[in-house]
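*Asks:* Any chance you can model this:
(one chain, ligands or ions: 1)
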Amino acid sequence: MIVDLNSRYGLNPAHSEVVEACKVIEPCDTLDMGCSNGRNAVYLGQHGFNVTAIDVNPGAINMLQSIIDEQGLENVKAQVYDINNASLGEHYGFISCTVTLMFIDPSRVEAVIADMQNSTAAGGYNLIVCAMNTEQHPCPAPFPFTLKAGQLSEAYKGWEMIKYNEDVGTMHNGAKLQFATMLAKKPV
Ligand SMILES: C[S@@+](CC[C@H](N)C(=O)[O-])C[C@H]1O[C@@H](n2cnc3c(N)ncnc32)[C@H](O)[C@@H]1O
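*Replies:* Residues are numbered from 1 along each chain as shown. Next up is the predicted model:
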């Protein structure tokens, strides 16, 4: 039985879309973009994925590193990295980017998505969950970046959409906004 390290270390449970994606994707080299203190990275590591977890916040990476060290999670690597660089330089079977893209420099988002796509192995997967700003549901939070209707599916033209929606969701403070949720598979 897998010990629930998320609750042991006071981490939130893994993002529900990461949990769902794990039902479709076999364990593989995986990148967790904007990992924070590691709720998804720890979950993925415990489920056999070989995880590189990156975040611009050294405090978050230090916290994740202490969990890795204490638990001997040899298949999870934590690194300080600024996603705006768009220079990942490795290939992954799965790149997960949940509620992170909206904190990226808007002028870098196109390059960041292209870099994610180029850094995905043939037949590999990208998971993105990102806030939107639409006419029907103006974004109530001052995120540096938000997606427009259809923008994410357009960027992933040619990939197989395993899941795609732009549903209305609720933030922790009760505010309503649309989120784009996408699990896409790169053509072989
Ligand atoms: C809302 S948290 C999401 C954390 C995690 N993906 C999850 O699902 O819980 C956004 C994370 O993105 C990180 N972040 C923001 N800008 C970044 C950047 N330019 N490069 C790397 N990480 C960044 C923040 O430090 C924060 O940990």
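*Asks:* okay, CA-based contacts and neighbour counts for the rest of this
*Replies:* Noted.
*Asks:* show me where the protein has helices.
*Replies:* In the chain, the helices defined using DSSP state H lie at 5-8, 16-21, 39-46, 58-71, 109-118, 151-155.
*Asks:* Go through those and pick out the most buried.
*Replies:* Burial of the helices of the chain is given as mean neighbour count (mean count of other C-alpha atoms under 10 Å); helix 39-46 ranks first at a mean of 24.
*Asks:* Where does pLDDT dip in this structure?
*Replies:* Applying pLDDT under 70 to the chain picks out no residues at all.
*Asks:* Around the ligand, which positions in it sit nearby?
*Replies:* 15, 34-36, 55-57, 81-84, 97-100, 103-104 (C-alpha under 6 Å from any ligand atom).
*Asks:* Tell me which residues touch Asn165, please.
*Replies:* When contacts are counted by C-alpha atoms under 8 Å, 6 or more residues apart in numbering, Asn165 is found next to Phe179, Ala180, Thr181, Met182.
*Asks:* Tabulate those in a markdown table, adding columns for neighbour count.
*Replies:* Listed next are these as a markdown table, based on neighbours: other C-alpha atoms under 10 Å:
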| residue | neighbour count |
| --- | --- |
| Phe179 | 24 |
| Ala180 | 24 |
| Thr181 | 21 |
| Met182 | 24 |
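*Asks:* Show me which positions of stretch 119-135 end up buried.
*Replies:* Neighbour-count burial for stretch 119-135 flags 119-121, 124-133 (criterion: 16 or more other C-alpha atoms under 10 Å).
*Asks:* Output those residues in CSV, with distance to Ser66 appended to each entry.
*Replies:* Converted to CSV, these look like this (distance: C-alpha to C-alpha, whole Å):
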residue, distance to Ser66
Ser119, 28
Thr120, 28
Ala121, 30
Gly124, 30
Tyr125, 28
Asn126, 27
Leu127, 26
Ile128, 27
Val129, 27
Cys130, 28
Ala131, 30
Met132, 34
Asn133, 37
